[in-house]
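>>> dropping a prediction and its sequence here:
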Amino acid sequence: MTIDNEDQLDKLRAVGALVARTLTAMGAALEPGMTTRELDDIGRALLEKDGARSAPELTYDFPGATCISVGPDCAHGIPGDTVIKAGDLINIDVSAELDGYFGDTGASFSVPPTTRRIERLCRDGRRAMWAGIRAVRPGGRLNEIGRSIEAFADKNGYSLVRNLASHGVGRSLHDAPKEIPTWHEPRDRRVITEGLVFTIEPFLSLGADWVEELDDGWTLRPPGREATVQYEHTLVATRNGPLVLTLA
């Protein structure tokens with residue numbers, strides 16, 4: 001989607017703020033002993049309170065309001081009876097539709113006590129995402145985002161999952177442009193246009209560069225079970241730089 005008026009921006013801001021608040025509340029509620037379904041119920045209640053609909057349910061008939069993955073799973077986890085334990089690495093992805101517009105955000109959380117290695121991975125997952133966000137400018141190439149993220153990952157000794165990518169968002173959950181690599185793809189010649197709405201969501205890992213789908217048809221896991229984090233924002237490319245829509 002490309003924004004061409006203030007009404008569109010206002011509606012994207014509204015849904016972006018809602019998914020950001022929901023993600024923050026779910027992260028704050030995380031504690032050992034609760035199930036991922038109980039955590040999902042918190043997210044559902046917050047979305048529905050403001051009149052929003054779960055985007056994965058609406059778009060893909062996903063069996064949950066939000067995606068909650070317990071490590072080593074890192075994406076598209078189905079909320080259920082899994083009990084969260086101390087030391088778990090949890091990914092929460094919240095996306096919703098409100099007034100015909102979609103917002104998408106996500107983050108990984110470590111449940112204390114955790115190791116320094118996992119604490120550093122979480123910290124650097126956020127830094128990798130922001131490295132990509134800072135590369136956004138109208139007229140620049142989309143692959144500069146991946147170039148910046150990959151440079152950060154290489155410098156700090158991480159790998160990037162390369163079969164999960166960022167994407168356009170706006171009037172649908174997965175809009176054009178499709179599959180924006182979070183690693184450098186020199187063959188990608190696409191240009192960032194002013195007003196373009198999309199996500200940036202690198203999957204930073206302690207060694208994984210691929211994930212596989214489990215038998216449930218949704219959950220994604222590195223085959224070597226390497227710890228992997230994801231951080232995600234929805235943003236608009238403006239003449240003044242990236243405008244992040246999903247800040248809490």
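Structure's in. What do you need?
>>> going by C-alpha atoms from here, please, whenever you check contacts or count neighbours.
Fine.
>>> next, the buried residues of the helix ranked longest in the chain.
Using DSSP state H to define each element, the chain has its longest helix at helix 6-29. By 16 or more other Cα atoms under 10 Å, the buried positions in helix 6-29 come out as 8-9, 11-27.
>>> so after that helix, what's the next helix or strand?
Counting by DSSP states H and E, the element after helix 6-29 in chain order, helix or strand, is helix 36-49.
>>> any chance you could map the strands in the protein?
Applying DSSP state E to the chain gives strands spanning 53-54, 67-70, 89-98, 101-110, 159-160, 166-168, 175-180, 197-200, 203-205, 212-213, 220-221, 228-230, 233-238, 241-244.
>>> point out the most buried one among the ones you listed.
Mean neighbours per residue, mean count of other Cα atoms under 10 Å, is largest over the strands of the chain for strand 228-230, with a mean of 31.
>>> packing partners for that one?
In terms of contacts (3 or more Cα pairs under 8 Å, 6 or more residues apart in numbering; DSSP states H and E), strand 228-230 is packed against strand 101-110, helix 116-133, strand 203-205.
>>> quick revisit: tell me the angle the longest helix of the chain makes with helix 36-49.
150 degrees (axes from the mean of the first three to the mean of the last three Cα atoms, to 10 degrees).
>>> other SSEs contacting helix 6-29?
Counting by 3+ Cα pairs under 8 Å, 6+ apart, helix 6-29 packs on helix 36-49, strand 89-98, strand 101-110.
>>> apply 10 Å and report the result again.
helix 36-49, strand 89-98, strand 101-110, strand 233-238, strand 241-244 (3 or more Cα pairs under 10 Å, 6 or more residues apart in numbering; DSSP states H and E).
>>> closest one to Thr193 among those?
strand 233-238 (7.1 Å; Cα to Cα).
>>> picking that back up, reformat the strands of the chain as TSV; add mean pLDDT and distance to Ile78.
Listed next are these as TSV, based on pLDDT from 0 to 100; distance: least, Cα to Cα, whole Å:
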stretch	mean pLDDT	distance to Ile78
strand 53-54	98	13
strand 67-70	98	6
strand 89-98	98	11
strand 101-110	98	15
strand 159-160	98	23
strand 166-168	98	20
strand 175-180	96	23
strand 197-200	98	22
strand 203-205	98	18
strand 212-213	98	12
strand 220-221	98	10
strand 228-230	98	16
strand 233-238	98	21
strand 241-244	97	27
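>>> distance to Asp188 for these - can I get that in TSV?
Formatted as TSV, these follow (distance: least, Cα to Cα, whole Å):
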stretch	distance to Asp188
strand 53-54	31
strand 67-70	29
strand 89-98	27
strand 101-110	23
strand 159-160	18
strand 166-168	14
strand 175-180	9
strand 197-200	16
strand 203-205	19
strand 212-213	24
strand 220-221	25
strand 228-230	23
strand 233-238	18
strand 241-244	20
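>>> which one of those lies closest to Thr36?
In terms of Cα to Cα, the element of those nearest to Thr36 is strand 67-70, at 6.6 Å.
>>> hey, C-alpha coordinates of the closest one in CSV?
These are the backbone C-alpha positions of strand 67-70, laid out as CSV (Å, rounded to 0.1, in the frame of the first residue of the first chain):
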residue,chain,number,x,y,z
CYS,A,67,0.8,-15.9,17.2
ILE,A,68,2.7,-17.1,20.3
SER,A,69,5.8,-19.3,19.8
VAL,A,70,7.7,-20.9,22.6
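>>> ok now that strand, how far from the chain's centre?
Its chain's average C-alpha position is 12 Å from that of strand 67-70, according to Cα atoms, centre = their mean, to the nearest Å.
>>> then stretch 143-156?
Distance of stretch 143-156 from its chain centroid, counting by Cα atoms, centre = their mean, is 17 Å.
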